[in-house]
Structures are given as C-alpha cells and as structure tokens.
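Participant: Just the structure for this:
(one chain, ligands or ions: 3)
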Amino acid sequence: MHMLRQYQVPLQRYMALMDLQERNERLFYKLLMDNVEELLPIVYTPTVGEACQKWGSIYRRPQGLYISLREKGRILDVLKNWPERNIQVIVVTDGERILGLGDLGCQGMGIPVGKLALYTALGGVRPSACLPVMIDVGTNNEKLLNDEFYIGLRQKRANGQEYAELMDEFMTAVKQNYGEKVLIQFEDFANHNAFELLAKYRRTHLVFNDDIQGTASVVLAGLVAALKLVGGTLAEHTFLFLGAGEAGTGIAELIALEMSRQTKAPLEETRKKIWLVDSKGLIVDSRKESLQHFKKPWAHEHEHLKGLLDAVKAIKPTVLIGSSGAGKTFTKEVIEAMTSFNEKPVIFALSNPTSQSECTAEEAYQWSKARAIFASGSPFDPVECHGQTFVPGQANNAYIFPGFGLGLVISGAIRVHDDMLLAASEALARQVTQENFDKGLIYPPFSNIRKISAHIAAEVAAKAYELGGLATRLPRPANLVKYAESCMYSPNYAATADHRELRFFYFFSPE
Ligand SMILES: NC(=O)C1=CN([C@@H]2O[C@H](COP(=O)(O)OP(=O)(O)OC[C@H]3O[C@@H](n4cnc5c(N)ncnc54)[C@H](OP(=O)(O)O)[C@@H]3O)[C@@H](O)[C@H]2O)C=CC1
Ligand SMILES: CC(=O)C(=O)O
Ligand SMILES: [Mg+2]
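Facilitator: Ligands and ions are numbered 1, 2, ... in the order given. As a prediction, this is how the structure comes out:
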C-alpha cells in the first residue's frame, strides 16, 4: 500500500495493481480485501473506465480470453486453451456499451477483468474459477479503428445472423466445456443485444445480466432502505427515470414487481407509478409504435414532454433515478424542482464512471439545501453542506453480483429466477444498520462486504432450494450463511511465518 500510494495518478495505481495481480495473485487479493474502500475506485469504477479507454496503450498481458470472429467454428478449442479447467463464473462482454463510455470494442476487456476481481475479493469465488471473456466482433468507434495501439479486430461490428451465430457457438461451447453449472454474467452489451441474449439463454443456461438484473436488485435495496428515512411504502411513491435502457427498465420492472407483491395489485397497475424519459423525452402512449420492446410497458397516458425538467414538474416524482449514461443532466433546476415538492427528495445518479454521473454528490446536497437522500453509481467523497457532513451511498451492482454469484455456485443452481433477485435485494437492505441510517446511509459500507455477500449468497441459495429443481448441490446445507462463508476463498498467509519467510512465500506461492 505504501508503494501504491506513491502513485498520484489513479491510472498508474491501476497499472501497478494489475501487475501485482499477475505477479502475486494472493497478495493482490489480500490487499484489495484489506483496503477495499480505498482500492475499489481503482480496480473498478471510475478508474477501470479510463483503463478501458486507454487499454491498447497500457496493455501488458491478456488477463482473459479474447474470442474474435476469426475463431468462428473453433470456439470450443479456444476455450480449451484456457489453462484452468474448473471454471465457475464467466463474465463476458462484447464491449459495445462500456459503462457510460460507449463502444470501446476489445478494450472493454477491463470490465470482465474488474468484475471478476470483485467476484473474488467481495464474493469469495476462487480466482482460478473465474474467466473473463471478450467477444470481439469489431467496433464502430472510429477513433479506435484508427488507433495504432488498438488490439482488436479493425472492422465495423458484425451484427444480425453473423453476431447471433458467434454468440450461440460461444454459449454452446461453454456448456459443453464446463457443464451447466457455470454462471455466465453478461456485462456491458448494448441494449439491442442485451435483452435478446438474456431472453434467449435464460431457459437453457445459468445466465445473469448484471446491468439489467444486478442493478435492479441493488437499487431496489437502496430504495427500501431509503423509505425508512423518507417514509411511505414503495407503492406510495412515484418514480421518474432519466434513461430507459438496460439499467432504467430493469430497475423499473423489479420495483413494479415488488410493489405488486406488496399490494397484490396487477403488474400493469403498479407500472403506472413509474415513468421514464429517454433521449426523445417522456415515454408516453403516443410514442408506443416506434418504441423498442423493452420501453413499451412504460408508455403511459400523458402528453409528450421533451425535457427532463418539464417531466419532473408534470409527474412530480418522489424518487428521481439517473440511468442515462449522460453526465450533468440533473441540473440545478431539476434538483430544485424535486426539492420544491418533496421534503426529502430521493435522488440516484447511477451512471458511470464519475464523468457520466447525472450530478455530483455536492450538487445534489447543495441544490436540495441538504435535503436529498443521494446515492451514485461511482463513489463520491463525503460532502460538507449546511454545517453537516453527508456520506453519499454507492448504488452499484458491485453490492449484489459477487454474493449473488456465490449463492448460485454454492447451491449448484442451474437457472436464475427473478425471485432470487428480490431475495438478494432484501438481504442487502437488511444489512443496513441503525448506525448506518443515523448517518443518512442507505447502503452499508463496503468494508463489510464479505459478510454482506455471505448473507446475499445464503438468501439466493435458499431461494434456489425453495423453488425446487434449481439447486443441484444436495443435501441442502442446514446453515447457508455459515456454509457460504466456509466456501469463500481467503488469501491468508500462514499466521506463524515471520517477515523473511513471508517474503519467500509471496514469491513462490501458487494460488
Ligand atoms: N450504478 C450501477 O450499478 C450501474 C450503472 N449503469 C450506468 O447506467 C448508464 C446506462 O446504462 P444502460 O442502461 O445499460 O444503457 P442503455 O444504453 O441501455 O440506456 C441508456 C438510456 O439513456 C437514454 N439517454 C441517453 N442520453 C440521454 C440524455 N441526454 N437524455 C435522456 N436520456 C438519455 C437512452 O435513450 P434512447 O433509448 O432514446 O437512446 C437510453 O434510454 C451507464 O452510464 C452505466 O454505467 C449501468 C448498470 C449498473
Ligand atoms: C456498474 C456497471 O455495471 C455499469 O456501469 O455498467
Ligand atoms: Mg455494467
């Protein structure tokens, strides 16, 4: 840590950490787990975003498996080249929507690498059981196509049948090579592929879309916790989203589902409490014909409004959620409007990395006169405002996917069910203590994440057993929290080793 802290530039810290991961994996995880709050912004958002943008020029080692269009027809052989046989979790991307940074092509590999580092550090999945995959079908990013250091295919993205066939070959080869209990996490695909891939493979494979499902679970947990501070039930609140893509519609659907469970009202009714704005304005019934399929359920009766501010004034939401990937869109006027009709406006600026956040923590607290309940996708430092210190929460799917995946692994689950997402969400919300609430926090600190992940894993596994036919690890362990903890990888060193022995051990230790 002393050496890392000498680097002032976050990207240099990132590079030093990636070198360490290659050189001494155990020490990398030990460091990451012991300093999670300090190192998460390096290994993960926001610095991983910058690393992806510059991937070609900071490239040192592959870190994961690159599968390109050129391997079509040979993907099983390519998978067999990976030195580890016992894979439990794959994070795969095609790099088309990397955080809120757009199409980064092959350079998006930083995301599966970062997500899987969190699977191990936060969720305890063995590093050797994790496989980062980049499906390289080209990029439409002209800047990258002309960049001499770009490491991917220099062609426009393949789509349509060619794309579908490559993905299908990959999905089939994974199952053939690793069996049906390997978890495939789809990450940062563009929405025109993401929804389709999830719908296509959720009945045949153990798949999970982190951006649609993981994000929904973490935001619902934050909302349930926020209600303790603002009062009312979910169904008594009105939600407005800026951004109607994977994150926005995924969250909206899980909130509607939970409302429907709580009130017994049909889903079509509970959806009416939720409004979304996309790049063309408020999603309303007059636009229905031209809307993408995942937006149609949200096309309620209302006049069409073009801007967010008009929508806020007309809908009067109690909760405003940013999932647009467009930075600085929660303007002073928007937040002041939210504050004019809410005692405590709930404001989530989910877009990553920090540059794309809909507003900063400071803006949310200052413009709301310190009344906002605020959380963001990327971390912000505590803010001094009106004589008080506010610690913003980090509403990021990193709270959910490590424990969620661990729960699937330890129960030997073969499919993901929506009830597991709700169970994960409830488990996370339950981990917020009175002490956290007293500080205005709606998420527990990341320093407790291993314990939190064990609880999430236990609830997800319990759901897998309860639903029947999904869990293959039999018999069911009696105490699932203890069992989850006992399964977690720990990068510990022999307690008795003295300093010199440790140095020797560091150098030669296999994983
Ligand atoms: N905190 C977290 O855990 C997570 C955060 N995210 C973040 O959420 C963001 C969006 O991700 P995702 O949903 O997958 O992306 P999508 O591309 O699927 O969706 C983006 C949505 O935002 C809309 N949009 C874009 N720009 C504007 C604008 N200026 N005004 C209004 N609407 C706009 C788009 O409109 P249109 O449909 O008209 O194009 C689209 O509906 C990213 O920045 C990502 O990093 C994602 C997952 C998890
Ligand atoms: C956090 C995340 O998954 C995203 O921003 O895409
Ligand atoms: Mg993502």
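Participant: The closest residue to ligand 1 within the chain: neighbour count?
Facilitator: When scored by Cβ to the nearest ligand atom, the chain has G245 as its residue closest to ligand 1, at 1.9 Å. C-betas here are computed from N, CA, C, even on glycine. Residue crowding around G245 was assessed by other Cβ atoms under 10 Å; the count is 25.
Participant: Kindly report the same for Q176.
Facilitator: So Q176, with other Cβ under 10 Å, has 12 neighbours.
Participant: Now it: which helix or strand?
Facilitator: helix 160-178 (DSSP states H and E).
Participant: which residues touch the residue of the chain closest to ligand 1?
Facilitator: 191, 278, 294, 323, 325 (Cβ atoms under 8 Å, 6 or more residues apart in numbering).
Participant: Of these, which pair is most distant in space?
Facilitator: F294 and G325 (15.8 Å; Cβ to Cβ).
Participant: got the residues of the protein near ligand 2?
Facilitator: 99, 188, 210-211, 352, 377, 396-397 (Cβ under 6 Å from any ligand atom).
Participant: out of the contacts of G245, who's near ligand 1?
Facilitator: 191, 278, 323, 325.
Participant: Kindly state the pLDDT recorded for A494?
Facilitator: With respect to pLDDT, A494 scores 70.
Participant: neighbours of it, just the number please.
Facilitator: Considering only other Cβ under 10 Å, A494 is surrounded by 9 other residues.
Participant: just P10 next, same as before
Facilitator: For P10, the neighbour count with other Cβ under 10 Å is 15.
Participant: any idea how far it is from ligand 2?
Facilitator: As judged by Cβ to the nearest ligand atom, to the nearest Å, P10 and ligand 2 stand 17 Å apart.
Participant: How about that residue, nearest residue that isn't a chain neighbour?
Facilitator: The shortest distance from P10 to any non-neighbouring residue, by Cβ to Cβ, 6 or more residues apart in numbering, is to T47 (4.4 Å).
Participant: residue contacts, that neighbour?
Facilitator: 10-11, 13-14, 41, 353.
Participant: So I184: helix, strand or coil?
Facilitator: strand (DSSP: H, G, I helix; E, B strand; the rest coil).
Participant: For E485, see how far away it is.
Facilitator: I184 sits 25 Å away from E485, going by Cβ to Cβ, to the nearest Å.
Participant: what about these two, which has more around it?
Facilitator: Under the criterion of other Cβ under 10 Å, the comparison of I184 against E485 puts I184 first, with 23 against 19.
Participant: bridging residues for the more buried one?
Facilitator: Beta-bridge pairing of I184 under DSSP bridges involves I90, V207.
Participant: L206 is in contact with that one, correct?
Facilitator: Yes: counting by Cβ atoms under 8 Å, I184 does reach L206; the two are 6.6 Å apart.
Participant: who's in contact with the residue positioned nearest the centre of the chain?
Facilitator: In the chain, the residue lying closest to the centroid (Cα atoms, centre = their mean) is N397, at 3.4 Å. Contact analysis of N397 by Cβ under 8 Å, 6+ apart lists 210-211, 214-215, 217-218.
Participant: again, only using 6 Å
Facilitator: Taking Cβ atoms under 6 Å, 6 or more residues apart in numbering, we find N397 in contact with 210, 214-215, 218.
Participant: remind me, longest strand of the protein?
Facilitator: strand 130-136 (DSSP state E).
Participant: partners of that one, with directions?
Facilitator: strand 65-68 (parallel), strand 89-93 (parallel).
Participant: touching ligand 1 at all, the longest one?
Facilitator: No: taking Cβ under 6 Å from any ligand atom as the criterion, strand 89-93 and ligand 1 are apart, separated by no less than 11.7 Å.
Participant: got a list of contacts for whichever helix or strand comes after that strand?
Facilitator: With elements assigned by DSSP H and E, the helix or strand that comes after strand 89-93 is helix 110-121. Applying Cβ under 6 Å, 6+ apart, the contact partners of helix 110-121 are 29, 32-33, 43-44, 48, 51-52, 55, 63-64, 89, 91, 93, 98, 125, 127, 130, 132, 187-188, 398, 402, 405.
Participant: Quick one: the helices in the stretch 301-450 of the chain, in order.
Facilitator: With DSSP state H, counting those that start in this stretch as the definition, the stretch 301-450 of the chain shows helices at residue ranges 308-315, 332-341, 361-367, 401-411, 418-430, 434-438, 449-467.
Participant: The helix or strand following the last one packs against which elements?
Facilitator: Yep, that's helix 449-467 we're talking about. Counting by DSSP H and E, the next helix or strand C-terminal to helix 449-467 is helix 480-487. In terms of contacts (3 or more Cβ pairs under 6 Å, 6 or more residues apart in numbering; DSSP states H and E), helix 480-487 is packed against helix 449-467.
Participant: Domain boundaries for the chain, per the record?
Facilitator: For the chain, automatic domain parsing gives the domain ranges 2-205, 216-396, 399-487.
Participant: isn't F446 right up against V36?
Facilitator: Yes: with contact defined as Cβ atoms under 6 Å, F446 reaches V36; the gap is 5.1 Å.
Participant: picking up where we left off before, mind putting the domains of the chain into JSON lines with mean pLDDT and distance to Y493?
Facilitator: Shown next, in JSON lines, are those (pLDDT from 0 to 100; distance: least, Cβ to Cβ, whole Å):
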{"stretch": "domain 2-205", "mean pLDDT": "97", "distance to Y493": "8"}
{"stretch": "domain 216-396", "mean pLDDT": "97", "distance to Y493": "29"}
{"stretch": "domain 399-487", "mean pLDDT": "97", "distance to Y493": "17"}
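Participant: and the chain, which residues reach ligand 1?
Facilitator: Counting by Cβ under 6 Å from any ligand atom, the residues of the chain that sit close to ligand 1 are 97, 99-100, 191, 211, 215, 218, 242-248, 277-280, 323-326, 329, 350-352, 356, 377, 395-397.
Participant: Can you tell me which of those end up in strands?
Facilitator: Those of the residues of the chain next to ligand 1 lying in strands (DSSP E): 242, 277-278.
Participant: The closest residue to E303 other than its chain neighbours and V125, how far apart?
Facilitator: The shortest distance from E303 to any non-neighbouring residue, by Cβ to Cβ, 6+ apart, is to V284 (7.0 Å). Separation of V284 from V125 (Cβ to Cβ): 43 Å.
Participant: can you check A117 too?
Facilitator: Taken as Cβ to Cβ, the span from A117 to V125 is 10 Å.
Participant: neighbours around the closest residue to ligand 2 within the chain, how many?
Facilitator: Residue nearest to ligand 2 within the chain: N352 (3.8 Å; Cβ to the nearest ligand atom). Residues lying near N352 (other Cβ under 10 Å) number 23.
Participant: Identify the residues contacting it.
Facilitator: Residues near N352 by Cβ under 6 Å, 6+ apart: 45, 99-100, 377-378.
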